[in-house]
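**Student:** heads up, no residue letters with this:
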């Protein structure tokens, strides 16, 4: 998973999201360092703080996505990029990048997350530090 925040206390936002993920979704087994990055695919003066985590879970990808969206909403994210039609500043963004080495595609979820695995250098670096491909 990749998490990002570019509003408010970004490091605190990430730590809060990680705690909620571990409480609701599974045991975190790997954590990358936190890094700061420029916004990607939209203009903003707010810098992102990003982190990658690996965890074990027993729930399905779709249930996992619903839980992730609930965490984002609980933390103050009102709309995701699909509802807005593009990227905007956000208090928290949680992306499922891989899931038990499966390929999964629905209207709301595609695994693996191609942009993070292949296009975004910061994502690839964070995931590489966890040995996640």
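**Tutor:** Sure, I can see it. Keep in mind that this is a model prediction, so the values were computed, not measured.

**Student:** Show me the helices in this structure, by range?
**Tutor:** Secondary structure of the chain (DSSP state H): helices at 10-24, 61-74, 81-84, 114, 121-129.

**Student:** Same list (the ones you listed) but as CSV, adding distance to residue 55 and mean neighbour count.
**Tutor:** From N, CA and C alone the C-beta is placed, and that goes for glycine too. Putting these into CSV (distance: least, C-beta to C-beta, whole Å; neighbours: other C-beta atoms under 10 Å) gives the following:
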stretch, distance to residue 55, mean neighbour count
helix 10-24, 7, 17
helix 61-74, 10, 17
helix 81-84, 23, 10
helix 114, 21, 11
helix 121-129, 14, 17
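
**Student:** Format those as JSON lines; extra columns: distance to residue 98 and mean pLDDT.
**Tutor:** Putting those into JSON lines (distance: least, C-beta to C-beta, whole Å; pLDDT from 0 to 100) gives the following:
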{"stretch": "helix 10-24", "distance to residue 98": "15", "mean pLDDT": "97"}
{"stretch": "helix 61-74", "distance to residue 98": "10", "mean pLDDT": "93"}
{"stretch": "helix 81-84", "distance to residue 98": "19", "mean pLDDT": "64"}
{"stretch": "helix 114", "distance to residue 98": "11", "mean pLDDT": "69"}
{"stretch": "helix 121-129", "distance to residue 98": "8", "mean pLDDT": "86"}
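
**Student:** Out of the ones you listed, which gets nearest to residue 33?
**Tutor:** Nearest of the helices of the chain to residue 33, taken as C-beta to C-beta: helix 121-129 at 6.9 Å.
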